[in-house]
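S.K.: predicted structure and sequence below. I'll ask about it afterward.
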Amino acid sequence: MKKTFQKLASVFVLGIALLTACNEAPPVIKDASILPIPVSLKQDTTCFVLAKSTTIGINDPQLKPAAEYLAKILSPATGYSFKVTEGEGNINLGIGTIEGAADAYTLVSNPEGVSITGNTYRGVIAGIQSLRQLFPAEIEADKKVSGMSWGIPSVQIQDAPRFGWRGLMLDVSRHFYTKEEVMELLDLMALYKMNKFHWHLTDDQGWRLEIKQYPLLTEKGAWRKFNNHDRDCIKYATEQDNPDYEIPADKLQIVEGDTLYGGFYTQEDVKEVIAYAQVRGIDIIPELDMPGHMLAAVSNYNGISCFEETGWGSTFSSPVCPGKDSALEFCKNVYTELIELFPYEYVHIGGDEVEKTNWKKCPDCQARMKEHGLNSEEELQAWFIHEMEHFFNSKGKKMIGWDEIIEGGLSETATVMWWRSWAKLAPSQTTGQGNDLIFTPNAPFYLDYTQDKKSVLNIYNYEPMKEVPDADKQHLVKGVQGNIWCEWIPSRERMHYMTAPRMLAIAELGWSANDRKDWNDFQVRMADQFSRLNVMDIQYRIPDLEGFMKNNVFIGEKKVEITCLDPTASIHYTTDGSTPTLESPKYDGNLVLTETTDLTLRVFRPSGKRSDIVKAHYEKTEYTPATTAAPSNPGLKATWHDFKGRKCADIAAAPVKKTYRVEDVTIPRDVKSYIIGLIYKGYINIPEDGVYSFFLSSDDGSMLYIDGKEVIDNDGLHAPGEVTGQAALKKGYHPIEVQYFDHGGGSINLKVCNSNGKEMPFTYLYAH
Ligand code: ACM
Ligand code: ZN
């Protein structure tokens, strides 16, 4: 936060300096704040200002779409028309020899003009995004903004991407997004120099691509009655007072009295989207997920699945039958039409989460296995994937698949998209065989996962090369990608909320050199982007309010300290449990509590759109005295229970498998089961009287008790997440208990800070 204030101060000083440096109308020029951060950026105190007569010159006819794209970005807000000319203009776009990876560029601006030179068309596009971010946020407005002068600082930028793959995947099957909504997402990707759009076009819950040979795929397979996902969304809309969970009316139609949800893209729609992406330097990777996740197809045509499917409209999964020639023919036919549409060299087969029960029972599958000497259903899956890959190659395409394509044998040429973060060997297996690898490990790259304080940081600090320590193999890492799975994301607004700002961290991780990354600086630049995203009507998630815990305690009275990284946000609160509105009291930094209070907080963006509700409990209390027991053994006692339940309170009743002495709250090394319960007990040694803050993160549930009192409730089945709480403790020993369970993967961590907010080591002891 402090850094933001410093930064605002320097903007102010610079603004005054510029008033004298520029003789145009006074422009408000800010420090250059570019995200992802460029390789190098120098700025001086002069500026370049757009005029009505400003022209865009190009040195190569292939740059015409780029110039027109730039004009389209700058025109609406300025009201200027920006003539595009071959040859010299005021803003010059050129292709030239620029050192560095493909798509490197330089950007030079001074009072006379702007010059962007890329080593490719896409380098110029990347330069355009940097130029765009030098203008005030209002440049993004879709209509004329009066009273503005459109200036940028004079800069010299040299820049090049770290990775060639900076991707985003959108699942349009579970919930559908129109071509306009997809184009809006492409615009957002382009702004942050992301260049691969992975379009997850089919799944069990809907087929979204027109295939002329099989019209029922979209006539029937694109429309369903409400399923469990829809019903959940409708429920959340009410429960959470959040209209972004409502099912948009433009995705519904009434057919013979039934309300059907859905939509699809015609092949003409797809061509439009591809052309739109190409101008913006984005490749589109289409995915028709197979052999699993095929319910929308197999329910509407015979001869594709092992047995006839009648489950259309439900949320279960059904695969194609690799034993039937008719099924293979279907798969190749749908991909033939797809390949004719999509120009990019890659297609994505899917290949994930294949439910193989039918294959075990199906005579055709078993016959196929016998015919080819396949020993397992995994090998049958690999056979199918290889068959399809040969087919793609024969059409001049390369294949990408989810990391399950490793199982049963990976072909030499496939690219693996690693998503199962628990399949820890997948990266080294892939690169060890010389195959290309794209990083999308579900935590933290699944953008449908619940967000918390750490979500952006966890992406930002992710280092793919740690998974591929062999330096000779690191060139096989093509890059990173965020995946937006849309089971519980029904609307454009919810999609934006889940995507931004996490995608900004993916963009910087993918583009910026490792030695340019700096979390504190990133946060300041991210905060700068919020004004731009507001003007663009992108409903990003406002970063978590900070300065307080979920459960706070205080002695006497408490001045509530709340901060928000987003300078455009306003915070409103209630103390009676009701949902805050814009009419509720506004938090202004002067809220003092003298009684136990439950605060309900909500943050509003300038448009009036609101964040999720945040609750904070403030308990007026006294210091809890230390125990008189004198524990003498260092560490904690951990008891491993054979636990399959979903609530920490039930762990103790489950049979005990083993007990351990542990140094701190970590999973003992030989606890390997994927379904576990652990209870840690002992004493914590408190060095002096004070209010201590605890941070308990786990996947799945956990609870923290101190002196027998609940301090943190992080219970239930959930993705990795942290919950915080406080306790007022007298110097000395206090009994501590942590309960934890997990249903696969698993992690637990407990941190404590003293009254000054400093993290301190735990000193644990236990009694026999
Ligand atoms: C996936 O999440 N099933 C790729
Ligand atoms: Zn079969």
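M.R.: Arrived safely. Ligands and ions are numbered 1, 2, ... in the order given.
S.K.: hang on, residue 76 in a strand?
M.R.: No - counting by DSSP: H, G, I helix; E, B strand; the rest coil, residue 76 is not part of a strand but helix.
S.K.: how many neighbours does it have?
M.R.: By other CB atoms under 10 Å, 15 other residues sit near residue 76. Heads up, the C-betas are built off the backbone N, CA and C, glycines and all.
S.K.: got it, and residue 252?
M.R.: Based on other CB under 10 Å, the number of other residues close to residue 252 is 14.
S.K.: any idea which residue of the stretch 601-750 of the chain lies closest to ligand 1?
M.R.: Among the residues of the stretch 601-750 of the chain, residue 719 lies nearest to ligand 1; the distance is 12.9 Å by CB to the nearest ligand atom.
S.K.: tell me the SS of that residue?
M.R.: coil.
S.K.: quick check: the closest residue to it other than its chain neighbours vs residue 351, distance?
M.R.: Once flanking residues are discounted, residue 719 sits nearest to residue 449: 5.0 Å by CB to CB, 6 or more residues apart in numbering. Counting by CB to CB, to the nearest Å, the gap between residue 449 and residue 351 amounts to 22 Å.
S.K.: what about the two, which has more around it?
M.R.: Between residue 449 and residue 351, counting by other CB under 10 Å, residue 351 is the more crowded of the two (29 against 19).
S.K.: helix or strand: which one has the nearest residue to the more buried one once chain neighbours are set aside?
M.R.: Nearest residue to residue 351, sequence neighbours excluded (CB to CB, 6+ apart): residue 401, at 4.0 Å. Assigned by DSSP states H and E, residue 401 belongs to strand 398-402.
S.K.: what average pLDDT does that strand get?
M.R.: Strand 398-402 shows a mean pLDDT of 98.
S.K.: then it to CSV, C-alphas only?
M.R.: Extracted in CSV, the C-alpha atoms of strand 398-402 (Å, rounded to 0.1, in the frame of the first residue of the first chain):
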residue,chain,number,x,y,z
LYS,A,398,0.4,-31.2,-34.6
MET,A,399,-1.4,-32.6,-31.6
ILE,A,400,-1.7,-31.4,-28.0
GLY,A,401,-3.3,-33.4,-25.3
TRP,A,402,-3.9,-33.3,-21.6
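S.K.: next secondary structure after it?
M.R.: Once the chain leaves strand 398-402, the next helix or strand it forms, by DSSP H and E, is strand 415-418.
S.K.: list the contacts of that following strand.
M.R.: 346, 348, 398-403, 405-406, 410, 426-427, 430, 435-441, 467, 478, 481 (CB atoms under 8 Å, 6 or more residues apart in numbering).
S.K.: ok, stretch 325-334 next?
M.R.: Residues contacting stretch 325-334 (CB under 8 Å, 6+ apart): 211, 213-214, 217, 288, 290-291, 297, 301, 303-305, 320-322, 384, 387-388, 391.
S.K.: is it anywhere near ligand 2?
M.R.: No - contact of stretch 325-334 with ligand 2 is not found when judged by CB under 5 Å from the ion; the minimum separation is 7.6 Å.
S.K.: buried sites along that stretch?
M.R.: Using 16 or more other CB atoms under 10 Å as the test for burial, stretch 325-334 gives 327, 328, 330, 331, 332, 334.
S.K.: taking the stretch 151-300 of the chain, what residue is nearest to ligand 1?
M.R.: residue 293 (7.8 Å).
S.K.: residue contacts, that residue?
M.R.: 202, 203, 204, 317, 319, 350, 352, 353.
S.K.: okay if I get the residues you listed as CSV plus distance to residue 541 and pLDDT?
M.R.: Shown next, in CSV, are the contacts of residue 293 (distance: CB to CB, whole Å; pLDDT from 0 to 100):
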residue, distance to residue 541, pLDDT
202, 28, 98
203, 25, 96
204, 28, 95
317, 30, 77
319, 35, 94
350, 28, 98
352, 27, 95
353, 27, 94
